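S.K.: okay, sequence plus prediction incoming.
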Amino acid sequence: MSDMGRTTVLLTDRAWPDDTVERTVLDAAGFTLISGPCDAAPAPVIESLVAEHQPDAILTCWAPVSAAAIAASSLLRVVARMGVGLDNIDVDAATTSGVLVTNVPDYCVEEVSDHAVALVLAWTRGIAQADRQVRAGRWDPADARLRRLSTLTCGVVGFGRIGRCTARKLLALGAQVLASSPGRPADTGGVPVVALEELLGRSDVVIVHAPLTAATHHLLGARELSLMQPGSLLVNVSRGGLVDTAALVDALARGHLSGAGLDVLEEEPAVPPELLEYPGVVITPHIAFSSDASVLDLRRSAAEEVVRVLTGQAPHHACNDPHDVAAHGGRR
């Protein structure tokens, strides 16, 4: 409680213009909100902000919350990710320090699955490429090489909430769907769950919905991309690090893949110029999660998780269990 005895929450960054939603929720609980820079700052800047303000909680969107940042506040009790993935948070350091980590796993299921399906349809119907041609003064419908979705097999890599939603929408459009998942879901909705290698070899479209962890970094590298069918499409709406960009560029250059639909890149916001050379590649700026409704849900839900933890309630979506560690030598 660094601000005149009041409980303090540090908002490291945000992907929206203001902090009014977060501030309203936290003000109602009697907490003080301190907003960092809007754009995600490098780790040393975040560490300095934490050291300066000694927050009881951290709300973070994209900014890195490192082990040093977690150690910089002796009052820290929770790091709340304003999103699903945890790759910008040192969860192990938080757990060792007795700090809870939460996320909001269900706020954008419809949006991300819609985006994945939209990228698939943009490829099957040649929408982006045709639009570019018309804008360049070309009107040549005979040049179109289009596909019927209902004749294609779509492989979904990662079969959690979003993967299952994407599968349901593709099935409704008549596509055949396969899934690959580390653990077989209890309810597959009739979708066959197969090994990743089999999925890659059988699918005309591969859609990535997996989380980024140390184990899944470059989940799709040169070997995996070579297993995909010639002329197929890769869609990634999860995290850029799941796909080896150099291997993807090579697969496109050789004509092994005919296209890619990417909402995420390895080094955002830098766009590899090689990817821009291929008309079958569509890139959007990490917006699959976004709609007016989903962003409002996200902001409110993340702030409410902070309130729950700091008022002694159980969070709805805990991503670690620091209590046993804390009881055996952790910070709390």
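M.R.: Yep, that arrived.
S.K.: what is the burial count for Asp106?
M.R.: For Asp106, the count of nearby residues is 16 (other Cβ atoms under 10 Å). In short, each C-beta sits where N, CA and C put it, glycine included.
S.K.: from Val84, how far off is it?
M.R.: Here the distance between Asp106 and Val84 works out to 8 Å (Cβ to Cβ, to the nearest Å).
S.K.: ok now do Asp92, which residues does it touch?
M.R.: Asp92 sits next to Ala67 when contact means Cβ atoms under 8 Å, 6 or more residues apart in numbering.
S.K.: and it, that's in a strand?
M.R.: No. According to DSSP: H, G, I helix; E, B strand; the rest coil, Asp92 belongs to no strand; its state is helix.
S.K.: hey, where'd the strands end up in the stretch 101-250 of the chain?
M.R.: Assigned by DSSP state E, counting those that start in this stretch, the stretch 101-250 of the chain shows strands spanning 153-157, 176-180, 205-208, 232-236.
S.K.: reformat these as JSON lines; add mean pLDDT and distance to Ala40.
M.R.: Shown next, in JSON lines, are the strands of the stretch 101-250 of the chain (pLDDT from 0 to 100; distance: least, Cβ to Cβ, whole Å):
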{"stretch": "strand 153-157", "mean pLDDT": "98", "distance to Ala40": "27"}
{"stretch": "strand 176-180", "mean pLDDT": "97", "distance to Ala40": "31"}
{"stretch": "strand 205-208", "mean pLDDT": "98", "distance to Ala40": "23"}
{"stretch": "strand 232-236", "mean pLDDT": "98", "distance to Ala40": "20"}
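S.K.: average model confidence for stretch 299-316?
M.R.: Mean pLDDT, stretch 299-316: 97.
S.K.: where does the stretch 51-200 of the chain dip in pLDDT?
M.R.: For the stretch 51-200 of the chain, no stretch has pLDDT under 70.
S.K.: can you rerun that using 80?
M.R.: Applying pLDDT under 80 to the stretch 51-200 of the chain picks out residues 183-186.
S.K.: where do the helices sit along it?
M.R.: Using DSSP state H, counting those that start in this stretch, the helices found in the stretch 51-200 of the chain span residues 67-71, 91-96, 109-124, 127-135, 161-172, 196-202.
S.K.: so what touches the first one?
M.R.: When you say that, I think you mean helix 67-71. 43, 46-47, 50, 58, 76, 79, 90, 92-94, 97, 99.
S.K.: in that helix, what counts as buried?
M.R.: For helix 67-71, the neighbour count (16 or more other Cβ atoms under 10 Å) marks 67-71 as buried.
S.K.: what do you get for the fourth one?
M.R.: Residues of helix 127-135 classed as buried by neighbour count (16+ other Cβ under 10 Å): 128-130, 133.
S.K.: Ala253 is nearest to which of the strands of the stretch 101-250 of the chain?
M.R.: Closest to Ala253 of those, according to Cβ to Cβ: strand 232-236, at 14.0 Å.
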